[in-house]
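Visitor: got a sequence here, can you model it:
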Amino acid sequence: MSISEKLSTQLQTILSGDAWYGSPVYEIVESISFEAAYEKVPGSVHNIAEIVLHMIAWTEEVMDRMNGLPSGIPTSGDWPETGAPDEQKWQNYVDDLKLVNVNLVGVIQNFPQEQWNEATIDERNRQLGTGVNYEELVNGLIEHHVYHSGQIALLNRIING
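Guide: Numbering: from 1, shown residues only. Next comes the predicted model:
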């Protein structure tokens with residue numbers, strides 16, 4: 001199995017497959033009501049909608065890096081603003097999370113095999129996740145998705161009891 005096949009399979013598994021650790025990302029996010037998505041749990045820094053926008057932003061940033069752009073904070077920001085609570089807007093965020101990951105799977109599947117072990121074009125900066133190779137970059141995003149989907153599940157459980 002090529003690195004592209006392995007990474008695209010791993011990403012699709014944590015997004016919508018039979019993830020070993022429990023519910024996949026989409027199942028968790030789709031279970032969130034728009035009211036819960038915007039509720040700020042006491043003591044939490046971000047609400048669920050903000051976390052989803054953060055996940056979208058970093059997925060876009062990973063695609064940019066894989067397409068040869070210099071690393072940085074995502075163009076939409078690290079923690080994009082959600083604006084006022086809105087049911088349609090929440091559904092759009094869920095749909096956008098799916099769309100950006102479909103696009104990423106395509107980028108992964110078409111990424112040149114010989115480039116997976118090459119370093120991204122930037123110096124190592126741990127905070128920005130730069131200076132790693134492309135395989136590590138995608139693995140890091142997969143871990144990022146799992147981490148934040150766990151946060152979302154916990155916040156939803158706190159909100160809904």
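
Visitor: any idea how many residues pack against residue 134?
Guide: By the criterion of other C-beta atoms under 10 Å, residue 134 has 21 neighbours. C-beta here means a position set from N, CA and C on the backbone, and glycine is covered the same way.

Visitor: not counting sequence-adjacent ones, nearest residue to residue 124?
Guide: Nearest residue to residue 124 in three dimensions, chain neighbours excluded: residue 131, at 3.0 Å (C-beta to C-beta, 6 or more residues apart in numbering).

Visitor: please disregard the earlier target; I meant residue 74.
Guide: residue 57 (3.7 Å).

Visitor: model confidence over the helix or strand the one you found falls within, on average?
Guide: Element membership for residue 57, per DSSP states H and E: helix 48-66. Averaged across helix 48-66, the pLDDT comes to 97.

Visitor: past it, which element shows up next along the chain?
Guide: Following helix 48-66 in sequence, per DSSP H and E, is helix 87-110.

Visitor: how about residues contacting that following helix?
Guide: 4-5, 7-8, 11-12, 15, 25-26, 29-30, 32, 34, 37-38, 49, 52-53, 55-56, 59-60, 62-63, 66-67, 82-83, 138, 141 (C-beta atoms under 8 Å, 6 or more residues apart in numbering).
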